[in-house]
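In: Sequence first, then the predicted structure, then my questions.
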Protein chains: 2
Amino acid sequence: MAKRGQPPATEKVQPARDQVDRNSLIACMELLFFAYRDFTGDPDAVLEHYGFGRAHHRVVHFVNRNPGLSVADLLLILKITKQSLARVLKQLIEKGFIVQKPGKEDKRQRLLFATAKGSRLAEKLAELQIVRLEQALKAAGPGADEAARKFLFAMVGASDRSRVERLIDAPVTKTKTSKNQPTGQNENN
Amino acid sequence: MAKRGQPPATEKVQPARDQVDRNSLIACMELLFFAYRDFTGDPDAVLEHYGFGRAHHRVVHFVNRNPGLSVADLLLILKITKQSLARVLKQLIEKGFIVQKPGKEDKRQRLLFATAKGSRLAEKLAELQIVRLEQALKAAGPGADEAARKFLFAMVGASDRSRVERLIDAPVTKTKTSKNQPTGQNENN
DNA sequence: CAAATATGTCAACATGGCTGACATAACTTC
DNA sequence: GAAGTTATGTCAGCCATGTTGACATATTTG
């Protein structure tokens, strides 16, 4: 694939990608790295204070945003193994940031809920990132908000988009539908 | 997707942040997580094939894009410790993806260059991410390209923006200016 | 020359991924 | 109702990649 070096303006129908485009795309790519690097940097300082790491942040965030999330659903969101999750989840439960309740329909499930304490932490961390986001979207001009969401959404692997869409659209509403929505998908991005 | 962003036209001067805005910002926040998760996922598969990880990717990418980069400058880009860098850099050098040359002006420096092999790997990985980016920007509509760059740039910590700007603007030109540009900054995002 | 700088290196440790194996309880199916 | 499947937990160990602290070497600079 990657075979470039033919920038001269021929009258091709499919201009492919000229050097300008490519540089621009690479800039975007590097910016994404830097943006994410600093985006995650803010909460890290706070988390350290609790003896937590980035992994804890993710868990407490998604559980707080989606009360009653099942372990299986959380694993689909994070795309890590249950053993990896278990480690941080255990700590969050022990320290009273998250509680588990058996599902009513399916008693095997251990639905996850943030405690008041957990919720406070989640909100605190979210606020930090929201402030940064808000400022960045403002700086990017009007409409950047919508453009950014569309862009980021399209960056998500195709097989995960519907799940992600559901998740971000109705976080408060959603509670225990996992069983009823097979979501049978296996990463073909 | 994400049909928010229409604040109920009140005539407030400073609406602070209503619930709609907040939900929208949180959606953006989560999307950034998912986007980055999948953005980095593509190259990982290829890297595995070489026995490399994400850390190697970053190094080989930035060195390839900035031939003659000094170790110190690379550390400022990656924001990791020299010991962390040393580990992956050593492997990349041993396996012939990167070479070091003493600086001409300052002989203490070990300027970094990608070998042909290293360059090939870097391009291959870049291509994967570029394809995803290209598709996403297209999906986000006209102008998303510019908006995304502005947005992402504004997400970078304020103290790092000028460095990042220089880096992405003139990657090919830049070669050994680090010494002449003090870049005295220390993370106040 | 002395001090500061650029880089390298050793050693130890933490976090957060991973795999494999196995256990338990509850649901589903025949 | 027995058998199989599913949701979850857990033990044990490995790997990648980040950290700190200490120290060595060469080179540049005041």
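Out: Thanks, I have it. Numbering: from 1, shown residues only, chains lettered A, B, ... in the order given.

In: Those residues of chain A touching DNA strand C, which are they?
Out: Contacts of chain A with DNA strand C, taken as C-beta under 7 Å from any atom of the strand, map to A:51-56, A:58, A:78-81, A:83-85, A:87-88, A:105-108. Glycine gets a C-beta too; all of them are placed from N, C-alpha and C.

In: List the residues that contact the residue lying closest to residue A:143 once chain neighbours are set aside.
Out: Of all residues not flanking residue A:143 in the chain, residue B:147 sits nearest, at 6.7 Å (C-beta to C-beta, 6 or more residues apart in numbering or on different chains). Residue B:147 makes contact with A:140, A:141, A:143, A:144, A:147, A:148, A:151, B:140, according to C-beta atoms under 8 Å, 6 or more residues apart in numbering or on different chains.

In: Would you format these as a markdown table with secondary structure and pLDDT included?
Out: Below are these laid out as a markdown table (DSSP: H, G, I helix; E, B strand; the rest coil; pLDDT from 0 to 100):
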| residue | secondary structure | pLDDT |
| --- | --- | --- |
| A:140 | coil | 94 |
| A:141 | coil | 91 |
| A:143 | coil | 89 |
| A:144 | helix | 92 |
| A:147 | helix | 94 |
| A:148 | helix | 95 |
| A:151 | helix | 97 |
| B:140 | coil | 94 |
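
In: Got a ChimeraX select line for the buried ones in the residues you listed?
Out: Buried residues among the contacts of residue B:147 (16 or more other C-beta atoms under 10 Å in any protein chain shown), as a ChimeraX selection:
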select /A:140,144,147,148,151 /B:140
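
In: can you redo the contacts of residue B:147 as TSV with distance to residue A:17?
Out: Formatted as TSV, these follow (distance: C-beta to C-beta, whole Å):
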residue	distance to residue A:17
A:140	24
A:141	25
A:143	25
A:144	24
A:147	21
A:148	23
A:151	18
B:140	17
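
In: What does residue A:110 show for phi and psi?
Out: Here is the backbone geometry of residue A:110 (degrees, to the nearest 10): phi -120, psi 90.

In: ok, now how distant is it from chain B?
Out: Distance of residue A:110 to chain B, computed by C-beta to the nearest C-beta, to the nearest Å: 23 Å.

In: That residue - how many residues pack around it?
Out: The number of residues packed near residue A:110 is 15, by other C-beta atoms under 10 Å in any protein chain shown.

In: Also residue A:88?
Out: Using other C-beta under 10 Å, residue A:88 has 21 neighbouring residues.

In: likewise residue A:146?
Out: Using other C-beta under 10 Å, residue A:146 has 20 other residues around it.

In: cool, residue A:132 as well?
Out: Residue A:132 has 22 neighbours, counted by other C-beta under 10 Å.

In: Check it and give its pLDDT.
Out: Note for residue A:132: predicted pLDDT of 95.

In: right, and it touches residue B:155 too?
Out: Yes - at 6.4 Å, residue A:132 and residue B:155 qualify as touching, with contact defined as C-beta atoms under 8 Å.

In: From residue B:31, how far off is residue A:28?
Out: 16 Å (C-beta to C-beta, to the nearest Å).

In: Comparing those two, which shows the higher neighbour count?
Out: Neighbour totals were compared for residue A:28 and residue B:31, and residue B:31 leads with 25 against 22 (other C-beta under 10 Å).

In: Is the longest helix anywhere in chain A positioned near chain B?
Out: Taking DSSP state H as the criterion, chain A has its longest helix at helix A:19-50. Yes - against chain B, helix A:19-50 shows contacts by C-beta under 8 Å from any C-beta of the partner chain at A:22-39, A:41-42.

In: Okay, angle between that helix and helix B:19-50 too, please.
Out: 100 degrees (axes from the mean of the first three to the mean of the last three C-alpha atoms, to 10 degrees).

In: ok so, going back, which among the residues of helix A:19-50 next to chain B count as buried?
Out: Here, 16+ other C-beta under 10 Å leaves A:22-39, A:41-42 buried among those.

In: so what's the one residue in chain A that gets nearest to DNA strand C closest to, chain neighbours aside?
Out: Here the residue of chain A nearest DNA strand C is residue A:53; by C-beta to the nearest atom of the strand that distance is 1.7 Å. Closest residue to residue A:53 apart from its sequence neighbours, by C-beta to C-beta, 6+ apart: residue A:47 at 6.1 Å.

In: if I look at the one you found, how far off is chain B?
Out: Look at residue A:47 and chain B: by C-beta to the nearest C-beta, they are 15 Å apart.

In: Verify the contact between that residue and residue A:57 for me.
Out: Yes - assessed by C-beta under 8 Å, residue A:47 is found in contact with residue A:57 at 5.8 Å.

In: what touches both of residue A:132 and residue B:155?
Out: Residues within reach of residue A:132 and of residue B:155 at once, by C-beta under 8 Å, 6+ apart, are A:38, A:39.

In: can you tell if the helix or strand containing residue A:56 touches DNA strand D?
Out: Residue A:56 belongs to helix A:54-65 when assigned by DSSP states H and E. No - Helix A:54-65 lies apart from DNA strand D when judged by C-beta under 7 Å from any atom of the strand; the minimum separation is 10.9 Å.
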